[in-house]
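>>> Fold the following and give me the result.
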Amino acid sequence: MEQLQTFLPLILMFVVIYFMMIRPQQKKQKLEKEFEKELKVGDKIITKSGIHGRIAELANDTVVIETMAGKLKLERSAISLELSQKLNAPAKV
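Numbers count the residues shown, from 1 in each chain. Just a heads-up that it's a prediction; the model follows:
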């Protein structure tokens, strides 16, 4: 019983860390993977580096986006979920 009391704070710290840090990160990664799979030609997107464009072509791991400056080939993971959702969200009045 005494051993349990000595390890209880460590166990509680691990549980708190899991629910406050690890689990939300896993949920975010899952949402980003789903977003990458649902991309289609014609979608307006913003990359994580801030480049705005429209998807022109899709491949397994890459996308070609059309910008005002021309076409760029990027990895799917370079597309920002949060910024692209804000761009495509209906305007609030």
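>>> how long is stretch 35-43 from one end to the other?
One end of stretch 35-43 to the other measures 12 Å (Cα to Cα, to the nearest Å).
>>> could we number from 585 for the rest of this?
Yep, numbering from 585; the last one is stretch 619-627 now.
>>> Just name the shakiest helix or strand of the chain by mean pLDDT.
Across the helices and strands of the chain, mean pLDDT, DSSP states H and E gives its lowest value to helix 665-672, namely a mean of 86.
>>> In that helix, which residues are buried?
665, 668 (16 or more other Cβ atoms under 10 Å). C-beta: built from backbone N, CA, C; applies to glycine.
>>> any idea which element the residue nearest the centre of the chain lies in?
Central residue of the chain (Cα atoms, centre = their mean): Glu616, 3.4 Å from the mean position. Assigned by DSSP states H and E, Glu616 belongs to helix 607-622.
>>> Same question for Leu658.
Per DSSP H and E: Leu658 is located in strand 654-659.
>>> What residues of that strand count as buried?
Using 16+ other Cβ under 10 Å as the test for burial, strand 654-659 gives Leu658.
>>> contacting residues around the least confident helix or strand of the chain?
By Cβ atoms under 8 Å, 6 or more residues apart in numbering, the surrounding residues in contact with helix 665-672 are 615-616, 619, 627-630, 632, 634, 636.
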